[in-house]
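> the sequence and its predicted three-dimensional model are supplied below.
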Amino acid sequence: MIITIDGPLGVGKSSVAKEVAKRLGFTYIDTGAMYRALALKTLKKNIDINNLENLKKLIEETDIQLIYENGSLKVLLDGEDVSEEIRKEEVSKRASEIATIKEVRDYMVNLQRKFGEKYKNIVIEGRDTGTVIFPDAELKIFLTAPVEVRIERRYKQLLEKGFNIDYEKFVKNFMEREVRDKTREINPLRPAEDSVIVDTGNMSFEEVINKILILAKERM
Ligand code: DC
């Protein structure tokens, strides 16, 4: 069974997807983490992402693995654990930029489908999981919440992780990414037609999880 969880920035996709996977005993796949891993590599190698040839070469030389164990996800970039590093603001920004490039998306979609085949029962989270990667998924969830709520949630989450961030810069970055994700030409953020839209603005975390579990069980 494939459950896709999609939605805008900061809506809580990761926390929700992780918890649903845990309760169902499914494998959790975070597609954003894969974009982030590649983004980190372009930063480390100082690659000009507008130079398509260099970027293609970089992709060919890149190995991204997701290891899901005991409820937590490890992201390996060329064998190195980058799970923490990919959460930095500069990586978020770069990930959003490279996600607009067709070659990058093609590579990711391919890789993500392979993970799906390998693990069978999955909760896969990310922007185009229900529309492009797994259009035949048994359950597609699209989470929404007003932008102010999402900004606060994400900010709190980063603070809890111990990041020291400038609020104004963070909001500016957030809004830039929001616009880029929604307006990019390839696979802009939009709910799949057959997705269930869950407005989490006034719901507790537990309420969101329960709602999704009920929907999942109906489809098993
Ligand atoms: O969900 P996230 O913030 O970790 O994702 C990082 C960036 O990657 C985000 O700006 C959008 C992009 N992304 C995407 O375009 N498609 C996906 N399936 C997942 C992420």
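Here it is on my side, so go on.
> and Glu54, how far from Leu143?
If you look again at residue 54, you'll see it is Asn, not Glu. Separation of Asn54 from Leu143 (C-beta to C-beta, to the nearest Å): 36 Å. For every residue, glycine as well, the C-beta is placed using N, CA and C.
> same question for Arg127.
Arg127 sits 12 Å away from Leu143 when distances are taken as C-beta to C-beta.
> with Thr100 instead?
In terms of C-beta to C-beta, Thr100 sits 22 Å off from Leu143.
> which one's more surrounded, those two?
Between Thr100 and Leu143, Leu143 has the larger neighbour count (other C-beta atoms under 10 Å), namely 26 against 17.
> now do the contacts for that one.
Residues in contact with Leu143 (C-beta atoms under 8 Å, 6 or more residues apart in numbering) are 5-7, 11-13, 16, 198, 200, 208.
> in terms of helices and strands, where is it?
Using DSSP states H and E, Leu143 maps to strand 139-144.
> ditto for Ile3
Counting by DSSP H and E, Ile3 is part of strand 2-6.
> now do that strand: distance to the chain's middle.
With C-alpha atoms, centre = their mean, to the nearest Å as the basis, strand 2-6 stands 11 Å off its chain's centre.
> would you mind confirming that Val123 makes contact with Ile29?
Yes. With contact defined as C-beta atoms under 8 Å, Val123 reaches Ile29; the gap is 7.2 Å.
> more neighbours: those two, which one.
Per other C-beta under 10 Å, whichever of Val123 and Ile29 has more neighbours is Val123, with 30 against 26.
> spit out the contact partners of that one.
3, 5, 17-18, 20-21, 24, 26-29.
> between these, which has the most around it?
Neighbour counts for those (other C-beta under 10 Å) peak at Ile5, which has 30 neighbours.
> who does that one form a beta bridge with?
Under DSSP bridges, the beta-bridge partners of Ile5 are Glu125, Ile141.
> list phi and psi for the residue in the chain that the ligand sits nearest to.
Per C-beta to the nearest ligand atom, Gly32 is where the chain lies closest to the ligand, at 2.4 Å. Backbone torsions of Gly32, given as degrees, to the nearest 10, read phi -60, psi -40.
> going along the chain, name the helices of the chain.
Using DSSP state H, the helices of the chain run over residues 13-24, 31-44, 52-60, 89-98, 102-119, 147-160, 167-183, 205-218.
> what residues sit buried inside the third one?
So the one you mean is helix 52-60. Residues 55, 58-59 are the ones in helix 52-60 that count as buried (16 or more other C-beta atoms under 10 Å).
> one more: the last one?
Using 16+ other C-beta under 10 Å as the burial criterion, the residues of helix 205-218 that qualify are 208-209, 211-212, 215-216.
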